[in-house]
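*Asks:* show me how the following folds:
(chains A and B)
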Amino acid sequence: MIWALILVPATGGILAFLPLAVRWRRVLLVATAALHFALVLASWQVPAALSAADGWLAIDDAALLFLTISSTLFLAAALYAIGYLSTDTKKPIRDYLEGFDFGNRPEGIFIGCLLLFLATMSAVALAQHLGLLWVAVEATTLTSAPLIYYHRHHRSLSAAWKYLLICSVGISLAMLGNFFLAVSTTAAGAGKEITLLIPVLLDHASVLSPTWLKAAFLLMLVGYGTKMGLAPMHTWLPDAHSEAPSLVSALLSGALLNCAFLAVLRMQSVLAAAGMGGFGRSMLLLFGLLSMLWAAMLLIAQSDYKRLLAYSSVEHMGVLAVGVGLGGVAATGAMLHAVNHSLAKAGLFLVAGNILAAYRTKDILSTWGLRHTLPFSGFLWLAGILAVVGSPPFGLFTSELMILKGAVDTERWAVAAGYLAALGIAFGAMMWAALQMVYGSAPRMPKETEQKRDTFLSVAAPGLLTAGVLLLGLWIPGPLEEMVQRVAALWGGAL
Amino acid sequence: MQAVREILVIVLILLNFRLLGTSRLGACVQTVALQAVVIGLLPLLGPRLPAPWVIAMVAAATLVKAVVLPALVRRALRETGVVRELEPLMGYTLSILTGTGLLVLCYLAGRQLQLPQGGAGQLLIPATLFTMLTGLFLIVARRKAITQVLGFLVLENGIYLFGVAFAVHEPWLVQTGVLLDVFAAVFVMGITIYQINREFDHIDTDRLSTQGLKR
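*Replies:* Sure thing, here's the model as predicted:
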């Protein structure tokens, strides 16, 4: 079962590299995504935590929650990919910004890397050994870098290079954090061998050397935080999200960032067990608020709608960090927020792909009149932005309110003020862009793309994702609510 | 034995200065490979010989870091026809001066970090930190994509040195995974460099886009 969650997409990915007919490869993509999703759903039915490979891999509550997010988004992205790949022509495409022609990379590499990316993300969620976790996180970087460089031109190449280098360096620091943690275990001197398995660490947390443990946490927070897109280590994120094909951006933003956050949280659970949860929480709070305010500033007057979404992702990662940093009900809110944000943001990125295909520009000011040109996408765009800025009745409203409640309950007024200010700025900046794009008059469509209208495949996946966020705002299913509370308790949610 | 170890650590520090001070990329690759060899020798010269499987792991890691990865980078060098890093963002004299400052800082920081088991040698922690900072410095202060990859390798060397020096015995599975990841990272970076070269006839990362990679 556990192995299948990693091996199914990995096998699919390797098969996709073989010279197959185009149609079979696409069937393979959707079939693997559906099978993975079915496996994750089946895992919900298993009552106790499963483990494999001497406990190195296990489906605990946290793993299941984050796996579900990744798998759902991947299925949506795979469905969207069918429509996307069939309209993406083999002919050279005219670049809208600088007017040169470029082609795409072979579809086999794209689909293969996409499936391997899913396999590595599953491994991150399932890993119970901090060393293995590190290996898996670095592997996600390597499998997703070729996805960012799908369109062969210099901006996407630059984005891929930046992503590869900054994330690799960041993750190297997390490796040093692993070593520091190992040193802190030898300090125990209990004669016993303490491995980096999380359950073992949790049991022996009290004998770990505090100084080295703190240093290890900081290094991992910076290292995995780079991957997660926390300011000021987020510099790779806007470029990668804006240059990658939209379905890849959706996966990066909705699934990958969460996986990196899970890596930070695993370490936070060790810290909490060692009685230093407060230190970890204050650090998360600091980086979280910094990310929120930083991103809010960059959201103002942003002219590129994919970058708008990218900075919004930085902001929401800040929200997650703040939520866990506050603890208590806010941590529960943060876990719920992770689910909500992933669904909403992935839906938005997929819609952004439709807009980009029709208008061939990422400039907000040149994509007015979505209401007339792409009625369905326009509607989903407005709904998605409304959801992502946290307006009721969407799910993000509930989770953001829970985090605010956590700040108010513990009487941290400065945190509450900063949190509300950042959310307020983001609301203004993103709603301005959305309203211009949807209701603005004078659609200026390039002639050659007149035929690129909404199709069933292009709106079905984002439509379902947005409907999911709406549903979570109105009614949270019982199992999910319990799950979210149990997961939040792992990082010191229950104070 | 302790004396030999100390000498090796000093050699390591000097190799870092060589990296900071040379513009010839071929020499840089050679230095990085040499560094990996030195780091690989350190655990063998400890107070007692480590277990056979540890020796095997160290040998494998040294092989990858001193032979395979440099060969990959050299191939990228050949394909792109780059020989020197001209016009770095920070000049070579200034780089060496910065390096000296960093070394002092590392020495001061190293005194703060007390190792639980002790006896690892006075210079080891400063050398580890200095190697890592040299790697980061190369990534930030040089323009060529290849030099940035070399910086990444130096950073990896520094971190690996920490693991080796303090006998952090991770299970072989993790070590293999780490090695594989580093290998794949350099491989993918090598491919990317090849692509950059083909697209633009140069591999200056800060001319890739208007935003560039200036950080």
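
*Asks:* ok, B:I10 - how many residues close by?
*Replies:* B:I10 is flanked by 12 other residues according to other C-beta atoms under 10 Å in any protein chain shown. Every residue, glycine included, has its C-beta placed from N, CA and C.

*Asks:* got it, and the one 4 residues further on?
*Replies:* Here the count is done by other C-beta under 10 Å, and B:L14 has 10 residues near it.

*Asks:* same check, this time on B:V11
*Replies:* Applying the criterion other C-beta under 10 Å, we find 15 residues in the vicinity of B:V11.

*Asks:* next, count neighbours for the closest residue to it other than its chain neighbours.
*Replies:* Sequence neighbours aside, B:V38 is the residue nearest to B:V11 in space, at 5.8 Å (criterion: C-beta to C-beta, 6 or more residues apart in numbering or on different chains). By the other C-beta under 10 Å criterion, the neighbourhood of B:V38 contains 18 residues.

*Asks:* quick check: mean pLDDT of the helix or strand hosting B:V38?
*Replies:* Here B:V38 is covered by helix B:25-41, with elements defined by DSSP states H and E. When pLDDT is averaged along helix B:25-41, the result is 89.

*Asks:* show me the shaky parts of chain A.
*Replies:* A:47-48, A:88-101, A:187-193, A:442-452, A:492-495 (pLDDT under 70).

*Asks:* 80 - rerun?
*Replies:* Low-confidence segments of chain A, defined by pLDDT under 80, are located at A:1, A:46-54, A:87-105, A:152-154, A:185-195, A:301, A:366-369, A:440-454, A:492-495.

*Asks:* which helix in it has the most residues?
*Replies:* Using DSSP state H to assign secondary structure, the helix with the most residues in chain A is helix A:154-186.

*Asks:* and that one, what other elements does it pack with?
*Replies:* The helices and strands touching helix A:154-186, judged by 3 or more C-beta pairs under 8 Å, 6 or more residues apart in numbering or on different chains; DSSP states H and E, are helix A:130-148, helix A:210-228, helix A:236-243, helix A:257-273, helix B:124-141, helix B:145-165, helix B:172-200.

*Asks:* return the residues in contact with the residue nearest to the spatial centre of chain B.
*Replies:* The residue lying closest to the centre of chain B (C-alpha atoms, centre = their mean) is B:V154, at 1.2 Å. For B:V154, the contacting residues are B:16, B:19, B:32, B:35, B:131-132, B:134-135, B:138, by C-beta atoms under 8 Å, 6 or more residues apart in numbering or on different chains.

*Asks:* related to what we said a few turns ago, what's the following helix or strand after the longest helix of chain A?
*Replies:* Toward the C-terminus from helix A:154-186 - assigned by DSSP H and E - lies helix A:198-203.

*Asks:* show me which positions of that next one end up buried.
*Replies:* Taking 16 or more other C-beta atoms under 10 Å in any protein chain shown as the basis for neighbour counts, the residues of helix A:198-203 that come out buried are A:198, A:200-201.

*Asks:* repeat for stretch A:412-421
*Replies:* When neighbours are counted by 16+ other C-beta under 10 Å, the buried residues of stretch A:412-421 are found to be A:412, A:415-416, A:418-419.

*Asks:* closest one of the residues you listed to A:A334?
*Replies:* Of all the buried residues of stretch A:412-421, A:A334 sits closest to A:Y419, with 12.0 Å by C-beta to C-beta.

*Asks:* quick one, phi psi at that closest one?
*Replies:* Here the main-chain torsion angles of A:Y419 (degrees, to the nearest 10) amount to phi -60, psi -50.

*Asks:* A:H204 now?
*Replies:* Backbone geometry at A:H204, expressed as degrees, to the nearest 10, gives phi -100, psi 20.

*Asks:* what do you get for A:A58?
*Replies:* According to degrees, to the nearest 10, the main-chain angles of A:A58 amount to phi -160, psi 150.

*Asks:* pretty sure it contacts A:V46?
*Replies:* No. A:A58 lies out of contact with A:V46 (C-beta atoms under 8 Å); the separation is 11.5 Å.

*Asks:* quick one: B:T131 and B:Q35 touch, right?
*Replies:* Yes. At 7.4 Å, B:T131 counts as touching B:Q35 under the criterion of C-beta under 8 Å.

*Asks:* joint contacts of these two?
*Replies:* Each of B:12, B:16, B:154, B:157 lies in contact with both B:T131 and B:Q35 under the rule C-beta under 8 Å, 6+ apart.

*Asks:* neighbour-wise, which of A:A58 and A:V46 wins?
*Replies:* Looking at A:A58 and A:V46 with other C-beta under 10 Å, you find the greater number of neighbours at A:A58, namely 20 against 11.

*Asks:* which residue sits closest to that one, ignoring its sequence neighbours?
*Replies:* Residue nearest to A:A58 in three dimensions, not counting chain neighbours: A:S51, with 3.7 Å by C-beta to C-beta, 6+ apart.

*Asks:* what about that neighbour, how many residues nearby?
*Replies:* A:S51 has 16 neighbouring residues, counting by other C-beta under 10 Å.

*Asks:* check the offset of the helix or strand in which it is found from the chain's centre.
*Replies:* Secondary-structure assignment from DSSP H and E places A:S51 in strand A:50-52. Its chain's C-alpha centre and that of strand A:50-52 lie 25 Å apart, by C-alpha atoms, centre = their mean, to the nearest Å.

*Asks:* direction included, what does it pair against?
*Replies:* Taking DSSP bridges as the criterion, strand A:50-52 pairs within the sheet with strand A:57-59 (antiparallel).

*Asks:* quick one: name whatever helix or strand follows the partner strand.
*Replies:* As assigned by DSSP H and E, the chain's next helix or strand after strand A:57-59 is helix A:61-87.

*Asks:* could you give the angle of that following helix to helix A:257-273?
*Replies:* Using axes from the mean of the first three to the mean of the last three C-alpha atoms, to 10 degrees, the interaxial angle of helix A:61-87 with respect to helix A:257-273 works out to 170 degrees.

*Asks:* which other helices and strands contact helix A:61-87?
*Replies:* Contact here means 3+ C-beta pairs under 8 Å, 6+ apart; on that basis helix A:61-87 packs against helix A:22-45, helix A:107-126, helix A:246-251, helix A:257-273, helix A:329-359, helix A:456-474, helix A:478-490.

*Asks:* out of these, nearest to B:L123?
*Replies:* The stretch from the helices and strands packed on helix A:61-87 with the least distance to B:L123 (C-beta to C-beta) is helix A:257-273; that distance is 29.8 Å.

*Asks:* report whether the closest one contacts chain B.
*Replies:* No. Under the criterion of C-beta under 8 Å from any C-beta of the partner chain, helix A:257-273 makes no contact with chain B; the nearest approach is 14.3 Å.

*Asks:* how far does that helix sit from the chain's center?
*Replies:* What separates the centre of helix A:257-273 from the centre of its chain is 15 Å, taken as C-alpha atoms, centre = their mean.

*Asks:* buried residues in that helix?
*Replies:* A:257-273.

*Asks:* do I have it right that B:G99 meets B:F17?
*Replies:* Yes. B:G99 is within contact range of B:F17, at 5.8 Å (criterion: C-beta under 8 Å).

*Asks:* which one's more surrounded, those two?
*Replies:* Remark: of B:G99 and B:F17, B:G99 carries more neighbours, 20 against 17, as counted by other C-beta under 10 Å.

*Asks:* how close does the nearest residue to the more buried one once chain neighbours are set aside sit to chain A?
*Replies:* Once its chain neighbours are removed from consideration, B:G99 has its nearest residue in B:L20; the separation is 4.5 Å (C-beta to C-beta, 6+ apart). Spatial separation of B:L20 from chain A under the definition C-beta to the nearest C-beta, to the nearest Å is 18 Å.

*Asks:* count of neighbours near B:L20?
*Replies:* Other residues within reach of B:L20, judged by other C-beta under 10 Å, total 23.

*Asks:* list the contacts of it.
*Replies:* Taking C-beta under 8 Å, 6+ apart, we find B:L20 in contact with B:92, B:95-96, B:98-99, B:134, B:137-138.

*Asks:* from those, which two are the most distant?
*Replies:* Set against one another by C-beta to C-beta, the contacts of B:L20 have their most distant pair in B:Y92 and B:T134, with a gap of 13.4 Å.
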